[in-house]
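Chemist: sequence and predicted structure are below.
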Amino acid sequence: MFVTAIEKVDQFTRPIHFIARYYGGSDIIPATATLFFVNEEGCAVTCRHVAEQLLQADAIYSNYLKFKSELRRHERDRAIDVHRKRLEDQYRITSETPIRLRSNFVNGVSGFKSFTIHLHPTQDLAIIQFHGYEARHYQGYAQFLRDGRQIKQGKYLCRLGYPFPEFTNYRFNQELDDIEWTNEGRINTPSFPVDGIVTRHIGEAGGVTGIEMSTPGLRGQSGGPLFDRAGVIYGMQSATRHLHLGFDQINREVITEGVRRRVSNYPFMNVGQCVHVDVIKNFLREKDIRFYEADGEALPPIW
């Protein structure tokens, strides 16, 4: 149903790869996010919470290096554990704290000298502008729905992103006590589509800012486009909402595998939340960034 649209959208949708290391360990945790390009000038959109990770990476590592430097002064002190605990509190470092976060933009533009990030003040939306790049590796660009009023309940749409981090081109450099990208291993992660229907509009301050979908967005699809069967963009995947269904079962007796058990269950429905196309276009206009529009699909209904 979305075969042609996915082939079209896939040409300008790209993954962002992340690797993270947490305090007290050397394990490397891979993760992904998504962006898509809106013009031929190296400008893309993604989620604000994704862009914030890009902006915070240097501060996270700088904080850890300061902690490490101060701890080193006490490494021969018998009370080093006391000093470590004091410094951990001072620098707000726990076992759940990332101490290193590195990112890699894959197959978008290469050889870029810098990039600028614009964060939307209220919505989970950001713009990334790449500057001074040597080559562009995406083809085409997003065409946004011209009339956002066409987005109605029951509209059948699709999202595309990179939820499963299958890349392996990274390692822990024990000599440097750091994580790093390598030229070995798998460098790509496959895209993954999710379809669904529009269930509700999400509004703030008297206006529509978001689109709720009947199916959840997957981790790593954040920043991916929401589009129709013609490949026209209706919004951007942002988050997953967890709606309590109220069908709770508490301490109920069931028989499973021939054994009586007492179980409790609190079911939720997971639905997708997307940034509305009008919010994206208005933010692009505000930042004076070129974008393109198109009419929605003119295809007949599937029934």
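Modeler: Yep, it's here.

Chemist: can you show me the helices along the chain?
Modeler: Using DSSP state H, the helices of the chain run over residues 3-9, 48-72, 80-90, 277-286.

Chemist: of the ones you listed, which stretch is the most buried?
Modeler: helix 277-286 (a mean of 19; mean count of other C-beta atoms under 10 Å). For the C-beta atoms, the positions are set from N, CA and C on the backbone; glycine is no exception.

Chemist: what does that helix rub up against?
Modeler: For helix 277-286, the external contacting residues (C-beta atoms under 8 Å, 6 or more residues apart in numbering) are 38, 45, 118, 120, 123, 125, 127, 144-145, 148, 151, 208-210, 233-236, 290-291, 293.

Chemist: which members of those are classed as buried?
Modeler: Listed as buried from the contacts of helix 277-286 are 38, 45, 118, 120, 123, 125, 127, 144-145, 148, 151, 209-210, 233-236, 291; burial here means 16 or more other C-beta atoms under 10 Å.

Chemist: mind checking which of the residues you listed are in strands?
Modeler: Under the assignment DSSP state E, the buried ones among the contacts of helix 277-286 contribute 45, 118, 127, 144-145, 209-210, 233-236 to strands.

Chemist: how about those in a markdown table, adding pLDDT and distance to Leu157?
Modeler: What follows is these, written out as a markdown table (pLDDT from 0 to 100; distance: C-beta to C-beta, whole Å):
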| residue | pLDDT | distance to Leu157 |
| --- | --- | --- |
| Val45 | 98 | 17 |
| His118 | 97 | 26 |
| Ile127 | 98 | 22 |
| Phe144 | 97 | 14 |
| Leu145 | 96 | 10 |
| Thr209 | 92 | 17 |
| Gly210 | 93 | 13 |
| Ile233 | 97 | 10 |
| Tyr234 | 97 | 6 |
| Gly235 | 96 | 8 |
| Met236 | 97 | 12 |
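
Chemist: with those in mind, which one is nearest to Phe247?
Modeler: Distance to Phe247 across these (C-beta to C-beta) is lowest for Gly210, with 25.8 Å.
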